[in-house]
Each structure stands twice: as C-alpha cells, then as structure tokens.
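Undergrad: Give me the fold of what follows.
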Amino acid sequence: MSTKRLTFPGALAILALVVGVGTSPGPQNNTAQTKRPRFHAVNRMVKEDLSNSTSQSLNWSGYAATGSGFTKATASWVVPKATCSSGNQYASFWVGIDGYDSPTVEQIGTNSDCSGSTPSYLAWYEFCCIEPEIPIPSITVTPGDIIRAAVSYNGTEFILTIKDVTTGKAFRKTGNISGAQRLSAEWIAEAPSSVGGILPLTNFGTALFGKDSTGVAVTNYATLGGATKPIGKFSTYYQITMVDNSGNPKAVPSALSTDLTSFSDQWVASE
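TA: Presented below is the predicted three-dimensional model:
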C-alpha cells in the first residue's frame, strides 16, 4: 500500500491573507467561527492512498478527478434537508475546478445550514481564495430541489452556472482568478470554513449526486484534453472521506454507480 501525507501551507496562507488570521486551523467548534465571511476552502487533505484511489480530508467528502488542464465540470444533486438541534452548523454541496491539491478553487453550489434549531438554504458561488461565499438571491433553494451546475473555462475566464431544475431559476457568473491551474475537477459535500477554521458540519443525512438520483443527463462529468468523461472514466480519481482531527469519519461517499457517474454522500454522527 502506498500512502502519502500532504499539506498545503501555500493554500492556507492565501486563505489567511483573505480573512486576516494566521494559518492555524483552530478548534472546529469555536463559536467565533460562525461569523461571516464564510469560505469554501481548498481541500484540507490528511492523507492520500494511491493504491486504492482514496483520500481523507478535514473539510471535503465526495470525488475528485485529477489531471492537467480541466476545462469543464458538471454536476447535479438533490438539495439535502438539514436536521437542526442547537448551535450553528453548515454543509455545502458543489461542483468545481481546482482545489484538490492546488491553491485555488472555482466553484458553485448550495448550502444546507442550521442556526440553532432553524434550517436555512441558499445557492452561492465562490472564486476561492480571493473572496468569500457570494449568495445568489435570485435562486430560492428548498430541500428536495434538483440542482444542475457547471464550472467551465473558455481559455480566458471561468463561467459558473447553476439552475434549480425544480423551479426553473438559473444564474450565470463569469470571472477569473490569478494562478488557477485547473488540475482537478470535484463533486463535493463540504464543511465550510470561517475565521476560526473549519465550521461544525450540519446533519445533512444523505446527499445524492448524479443522474441516477436527479435524472439530469451528462452530469458528474468533466472535460480534460478535449475529452468529456464521467468521474469513474478518468485514469486518476479519488474517493474522499471527510474526517475529524482524530481520523473519525464525518461524511462518507458511496462507491460510484455502475455507469460511473452517480454516488451518495452520508453524514456520520460524531461521538
């Protein structure tokens, strides 16, 4: 078994410059973390196992395909219901390019959050790490809605699109980010970050990604070198489990479906 451990001080330094703090991740349940701005940080990888294409992360769960020069990633998912009890908790679901092992990420998605016992939902986009999460007020998100989203690069700029298939509302944003390397495409459930580090993760139950659950064709695909393929057709891709600082699972993705596109992501109760 070949295992490597990776850290990304450069990526953390970029985040630190944006939020004005040091690179220490801080405690994961610090109440100060609930203050905005909220960020969708690059992958905080713990370890990566090359022998079975798996990795562990402090803030990501799902799948990432790696390569050089991705130009598009598409996704679809069902907005998960937040089960709230007390405290502020957060969960994000998105598609993006970059960030698996590079210092930027261009992404768009939805949140299922908790403010005490009250759930809330929103759509957002982000060019990390130069700005915090930007809400999309024109799209009202409800649990059970089917979302279709994509991130693409046209040689000059990134194009972020999202549509609530259930309501028909759509949004498009273009932008650029210096230093974007386009080294990965991702389909992710995330515990977002704030000033103090990684925020507490919402109990989102099970998140469903891909055509098998959404009925949206040609999603959970990416384009690399002019070829468009589903997640499982790339020569290098990783199944990412989110863990806490002790290595205990917080969110676990299923294996890919038989067509190599779809998967579920399961929230795991902490001890």
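Undergrad: Which parts of the stretch 101-250 of the chain are helices?
TA: Here the stretch 101-250 of the chain has its helices, by DSSP state H, counting those that start in this stretch, at 211-214.
Undergrad: Run through the strands of it in chain order.
TA: 105-115, 118-128, 134-135, 146-153, 158-164, 170-175, 184-190, 193-194, 197-198, 206-209, 221-224, 227-230, 237-243, 249-253 (DSSP state E, counting those that start in this stretch).
Undergrad: what's around the nearest residue to E186 once chain neighbours are set aside, how many residues?
TA: Once flanking residues are discounted, E186 sits nearest to A64: 4.5 Å by Cβ to Cβ, 6 or more residues apart in numbering. Glycine gets a C-beta too; all of them are placed from N, C-alpha and C. Residues contacting A64 under the criterion other Cβ atoms under 10 Å number 27.
Undergrad: now do A149
TA: A149: 29 neighbours (other Cβ under 10 Å).
Undergrad: I figured it hits V165, correct?
TA: No. Between A149 and V165 there is no contact under Cβ atoms under 8 Å: 10.2 Å.
Undergrad: what do these two both touch?
TA: By Cβ atoms under 8 Å, 6 or more residues apart in numbering, A149 and V165 have these common neighbours: S76.
Undergrad: sorry, back to before: could you say which of the strands of the stretch 101-250 of the chain is packed most deeply?
TA: Across the strands of the stretch 101-250 of the chain, the average number of neighbours (mean count of other Cβ atoms under 10 Å) peaks for strand 184-190, which reaches a mean of 30.
Undergrad: Need the CA coordinates for it. PDB is fine.
TA: Extracted as PDB, the C-alpha positions of strand 184-190 are listed here (Å, rounded to 0.1, in the frame of the first residue of the first chain):
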ATOM      1  CA  SER A 184      -8.700  18.800 -10.800                       C
ATOM      2  CA  ALA A 185     -12.500  18.600 -11.100                       C
ATOM      3  CA  GLU A 186     -14.600  17.900  -8.000                       C
ATOM      4  CA  TRP A 187     -18.100  16.900  -6.800                       C
ATOM      5  CA  ILE A 188     -18.100  17.700  -3.100                       C
ATOM      6  CA  ALA A 189     -20.000  17.800   0.200                       C
ATOM      7  CA  GLU A 190     -18.100  20.300   2.400                       C
END
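Undergrad: as a whole number, average confidence for that strand?
TA: For strand 184-190, mean pLDDT is 98.
Undergrad: what distance separates that strand from the middle of the whole chain?
TA: From the chain centre to the centre of strand 184-190 is a distance of 4 Å (Cα atoms, centre = their mean, to the nearest Å).
Undergrad: who does that strand pair up with?
TA: Strand pairing for strand 184-190, determined by DSSP bridges: strand 60-66 (antiparallel), strand 92-97 (antiparallel).
Undergrad: between those, which gets nearest to D265?
TA: strand 60-66 (5.5 Å; Cβ to Cβ).
Undergrad: can you give me the angle the closest one makes with strand 237-243?
TA: 160 degrees (axes from the mean of the first three to the mean of the last three Cα atoms, to 10 degrees).
Undergrad: Tell me the first helix or strand C-terminal of strand 60-66.
TA: Using DSSP states H and E, the helix or strand that follows strand 60-66 in sequence is strand 70-78.
Undergrad: can I get the strands of the stretch 101-250 of the chain in CSV with distance to L260?
TA: Shown next, in CSV, are the strands of the stretch 101-250 of the chain (distance: least, Cβ to Cβ, whole Å):
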stretch, distance to L260
strand 105-115, 22
strand 118-128, 27
strand 134-135, 32
strand 146-153, 18
strand 158-164, 23
strand 170-175, 27
strand 184-190, 12
strand 193-194, 30
strand 197-198, 30
strand 206-209, 12
strand 221-224, 10
strand 227-230, 5
strand 237-243, 9
strand 249-253, 13
